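[1] pasting the sequence and the predicted model now:
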Amino acid sequence: MRDFQFLQAVAETGSITRAAVRLGCVQSNVTARLKKLEGRLGQKLVERIDGRMVPTAAGSLALDYGDRLVRLSTEAEAHLRSAAAKWPPLRLGSMETTAAVRLPALLRKVRAGLPSLRLGLRTGTSHELVGLLKAGAIDLAFVAEEAADPRFASAPLWDEELVEVRPAYGEPDAAAIVFRAGCSYRERCRAALGDLPALELGTLDGIIGCISAGLGRTLLPARAVERWRALGEIATRPVAPEHARMRTLALWRHNGASQASVDAVIPLAREA
């Protein structure tokens, strides 16, 4: 953008000398900047006509782009400064089931109570989310308690009731319909239902569809499957008490750049 500012000064003053005065530099610096920009773009950007430096057609196009770049940069800086003054942007990672059940209410609360907060969302298994948190790719993760990592700050959010999810009619095939490796619900399913052959899927809808078709069964939060149970697409039944509860935690890096937003979102999450 600095090169475009040099081109703009020459175009507006019509002179290398006057452009140098405006920019507070020597004439040779202006000339060198212009030649460098022309060499990089492969086009002559100004020409001398009747003693005045005038933009060529390519120069006028470059000035148009340069003006838009400067305005966009100014707008971006103002927007980021305004947002950061109160709530820094927050990148949230969530388990698929949590995203389906808890996030709609949370996002409504964020929109109502923190309207200037820019919130990004990614989903994954608990272990994938912890990895993203370690890599700095997200700022806050909603994970199963089994995935807690002492390197991160944590806070309890919800206790989920787990149920066995089965086809609405008939007996299922002898398979566990589960999320990818690293999913805490998958591990709890194996502990509760035994070491069944696993059929992996990446979405909650896919898992429900396979169970409805009689391809197997699984363990999931009761709230996550209530809609399908009410429609008669699946059935649920209780599991042994030692497998029936799983706590969801919030994990985040201590004193990260988004700490103020983390502190604001966690109380809203508990209400979701």
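    Arrived safely.

[2] for residue 108, give me its contacts.
    For residue 108, no contacting residues are found, by CB atoms under 8 Å, 6 or more residues apart in numbering. For every residue, glycine as well, the C-beta is placed using N, CA and C.

[3] what about the strand or helix carrying it, distance to the chain center?
    Per DSSP states H and E: residue 108 is located in helix 103-113. Distance of helix 103-113 from its chain centroid, counting by CA atoms, centre = their mean, to the nearest Å, is 16 Å.

[4] next one: stretch 14-32
    Distance, centroid of stretch 14-32 to centroid of chain: 45 Å (CA atoms, centre = their mean).

[5] cool, and stretch 106-116?
    For stretch 106-116, the distance to the chain centre is 16 Å (CA atoms, centre = their mean).

[6] what of stretch 61-70?
    So, by CA atoms, centre = their mean, the centroid of stretch 61-70 is 31 Å from its chain's centroid.

[7] what's the average pLDDT for it?
    The average pLDDT within stretch 61-70 is 89.

[8] buried residues in it?
    62-63, 66 (16 or more other CB atoms under 10 Å).

[9] list just the nearest of the residues you listed to residue 216.
    Nearest to residue 216, judged by CB to CB, of the buried residues of stretch 61-70 is residue 66 at 60.3 Å.

[10] so that closest one, which of the three states?
    helix (DSSP: H, G, I helix; E, B strand; the rest coil).

[11] does it touch residue 6 like I think?
    No. If you go by CB atoms under 8 Å, residue 66 and residue 6 don't touch, sitting 9.7 Å apart.

[12] pLDDT of stretch 16-35, averaged?
    pLDDT averaged over stretch 16-35 gives 92.

[13] hmm, I was thinking of stretch 204-224
    94.

[14] gap between the two ends of that stretch?
    9 Å (CA to CA, to the nearest Å).

[15] how far is that stretch from where the chain is centred?
    On CA atoms, centre = their mean, the centre of stretch 204-224 falls 26 Å from the chain's centre.

[16] contact partners of it?
    96-97, 100-101, 160-168, 170-179, 185, 188-189, 192-193, 196, 199, 201, 225, 228, 233-234, 236, 239, 243, 246.

[17] buried residues, it. List them.
    Buried residues in stretch 204-224, counted by 16+ other CB under 10 Å: 204, 207-212, 216-224.

[18] same question, stretch 161-176
    For stretch 161-176, by 16+ other CB under 10 Å, it's 162-167, 172-173, 175-176.

[19] now, those residues that are in strands?
    162-167, 176 (DSSP state E).
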